[in-house]
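# Here's my sequence, what's the structure:
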Amino acid sequence: MVTKGTISQENEILLNKISLGFKKAYEKLVKESALHGESLAFGKNGKTVYVPAVELLKDIENKKKR
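Numbers count the residues shown, from 1 in each chain. I've put the predicted structure just below:
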């Protein structure tokens, strides 16, 4: 029996796989966009913000170094 506020081991494994897939897809999108000199659009405080993919790629690479 699963109690409220807990997650089964099976669901935790699935969540980890989904999170890893999302991370890989995001990194691929950023790398491809950086190669083409593009920016990506994000929402921030109800406004659309465009961030150069090259800057996002730098952030990804810095986080991997930690």
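
# Just the strands from this structure, written as ranges.
For the chain, strands defined by DSSP state E occupy the ranges 39-44, 47-52.

# Could I get the ones you listed in a markdown table, plus columns for mean neighbour count and mean pLDDT?
Where you see a C-beta, it was placed from the backbone N, CA and C, and this is true even at glycine. Shown next, in a markdown table, are the strands of the chain (neighbours: other Cβ atoms under 10 Å; pLDDT from 0 to 100):
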| stretch | mean neighbour count | mean pLDDT |
| --- | --- | --- |
| strand 39-44 | 11 | 97 |
| strand 47-52 | 11 | 98 |
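
# Make TSV out of those and add distance to Glu12.
Listed next are the strands of the chain as TSV, based on distance: least, Cβ to Cβ, whole Å:
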stretch	distance to Glu12
strand 39-44	28
strand 47-52	32
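
# Run a quick neighbour tally on Ala34.
For Ala34, the count of nearby residues is 19 (other Cβ atoms under 10 Å).

# From Leu15, how far out is the residue nearest to it when sequence neighbours are not counted?
Spatial nearest neighbour of Ala34, chain neighbours left out: Ala53 (4.0 Å); criterion: Cβ to Cβ, 6 or more residues apart in numbering. Distance from Ala53 to Leu15, counting by Cβ to Cβ, to the nearest Å: 27 Å.

# same check, this time on Lys47
Computed as Cβ to Cβ, the Lys47 to Leu15 distance reads 30 Å.
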